[in-house]
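Chemist: The following comprises the amino acid sequence and a computationally predicted model.
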Amino acid sequence: MDAKTLIASRVAQELKDGDVVNLGIGLPTLIPNYLPPGINITLQSENGFLGMGPLTGEPDPDLVNAGGKPCGILPGASFFDSAMSFAIIRGGHVDVTVLGGLQVDQEANLANWMVPGKMIPGMGGAMDLVTGARTVIVAMEHATKDGGAKILKRCQLPLTAAKKVSAIATELAFFRFIDGQLVLTEIAPGVTLEEIRRKTEAEFVVCPQCRTMKQ
């Protein structure tokens with residue numbers, strides 16, 4: 001199982017039947033493929049959809065998700081303008097948002113929208129989602145391509161939001177923020193605690209019931 005598949009399948013197990021869920025672009029879009037049997041969620045997209053589904057048949061150029069990729073729409077879905085979409089998000093009606101991350105730190109801060117010196121289109125809806133959703137899960141690979149830590153003592157990139165992250169899922173581990181502390185709750189199969197410590201700059205505590213990550 002590759003890193004992205006492991007992360008997506010683990011995050012899928014955090015979702016509950018009936019949840020309204022917003023998925024960020026990239027890795028988070030894989031999550032619906034791994035939902036446990038009997039778990040049905042409603043996907044919300046900040047560009048104005050409630051009830052997105054898998055793409056079937058020929059794509060409609062007018063039906064795209066927030067990342068501009070073709071998407072499907074389930075029976076009973078609704079369409080609305082950005083004002084309504086962000087009213088849903090800011091009003092606390094999204095149960096879970098799953099976003100990619102560039103950096104997360106031990107204070108539950110997230111940086112996921114800008115790398116200084118690189119051209120970017122803007123923050124998009126990430127700031128609103130991280131602030132408005134009831135649960136915020138960051139799904140990302142544990143380290144940068146050159147091996148640098150992404151779970152830090154303090155984010156070095158511009159923040160998306162402060163103290164809003166609920167959990168972090170990587171291919172090595174699953175962390176939760178509990179009572180203001182970063183807590184390691186699960187370790188991926190074949191991974192050691194020593195490896196996680198070596199690749200994590202942030203200070204964290206190990207849950208006494210820490211177990212092997214679900215797949």
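Modeler: Structure's in. What do you need?

Chemist: Give the buried residues for stretch 111-129.
Modeler: Using 16 or more other CB atoms under 10 Å as the test for burial, stretch 111-129 gives 111, 112, 113, 124, 125, 126, 127, 128, 129. Every residue, glycine included, has its C-beta placed from N, CA and C.

Chemist: Ramachandran angles for the first one?
Modeler: Backbone torsions of residue 111, given as degrees, to the nearest 10, read phi -120, psi 120.

Chemist: do you know how far it is from residue 155?
Modeler: Taking CB to CB, to the nearest Å as the measure, residue 111 falls 4 Å from residue 155.

Chemist: what sits in contact with each of those two?
Modeler: Residues touching both residue 111 and residue 155 by CB atoms under 8 Å, 6 or more residues apart in numbering: 103, 104.

Chemist: will you turn the buried residues of stretch 111-129 into TSV that also has pLDDT and secondary structure?
Modeler: Formatted as TSV, the buried residues of stretch 111-129 follow (pLDDT from 0 to 100; DSSP: H, G, I helix; E, B strand; the rest coil):
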residue	pLDDT	secondary structure
111	95	strand
112	92	coil
113	88	coil
124	76	coil
125	86	coil
126	90	helix
127	92	helix
128	94	helix
129	96	helix
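
Chemist: Go through those and name the one nearest residue 6.
Modeler: Set against residue 6, the nearest of these by CB to CB is residue 112 (19.8 Å).

Chemist: Now the closest one. Nearest residue, chain neighbours left out?
Modeler: Counting by CB to CB, 6 or more residues apart in numbering, residue 112 lies nearest to residue 101, which is 4.6 Å off, once chain neighbours are set aside.

Chemist: Then the one you found would be within a helix, right?
Modeler: No. Going by DSSP: H, G, I helix; E, B strand; the rest coil, the assignment for residue 101 is coil, not a helix.

Chemist: Show the pLDDT at it.
Modeler: If you check residue 101, the pLDDT there is 95.

Chemist: same deal with the one 5 residues further on?
Modeler: The pLDDT attached to residue 106 in the predicted structure is 98.
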